[in-house]
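Novice: this one's sequence-less:
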């Protein structure tokens, strides 16, 4: 994944050391940034330990961002990673 954000209004990080892996996003998640967000979720899913999304710092999300989340949820279910290891945090502070 390219470490340079493609959009100055969007940033995404992945903590694969956490269990489940944590994908944190901030700024605007839209058509211009959804591919980068999807790549981050894919990297987190590769750990096999599930994914937690911290979206508390998003200021905007459109249907392309929602689609990325939905596709990733289906992938997690297909890979048996959904058993209590899939979560979305909508507050600014993350607690497991």
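Specialist: Received, thanks. Fair warning: this is a prediction, and the values are worked out from it, not measured in the lab. Numbering: from 1, shown residues only.
Novice: Buried by neighbour count: which residues of the lengthiest helix in the chain qualify?
Specialist: Secondary structure assigned by DSSP state H gives helix 63-78 as the longest helix of the chain. Neighbour-count burial for helix 63-78, with 16 or more other Cβ atoms under 10 Å as criterion, is recorded at 64-65, 68-69, 72-73, 76. C-beta: built from backbone N, CA, C; applies to glycine.
Novice: can you check stretch 24-34 too?
Specialist: Neighbour-count burial for stretch 24-34, counted by 16+ other Cβ under 10 Å, picks out 24-30, 33-34.
Novice: How far does it stretch from one end to the other?
Specialist: Distance across stretch 24-34, first residue to last, is 13 Å (Cα to Cα, to the nearest Å).
Novice: Assign a three-state SS to residue 17, would you?
Specialist: Three-state secondary structure (criterion: DSSP: H, G, I helix; E, B strand; the rest coil) places residue 17 in coil.
Novice: To what extent is it buried, counted in neighbours?
Specialist: Residue 17 sits with 8 neighbouring residues when counted by other Cβ atoms under 10 Å.
Novice: And the strands in this protein?
Specialist: For the chain, the strands identified by DSSP state E occupy 10-15, 21-29, 51-61, 86-89, in order along the chain.
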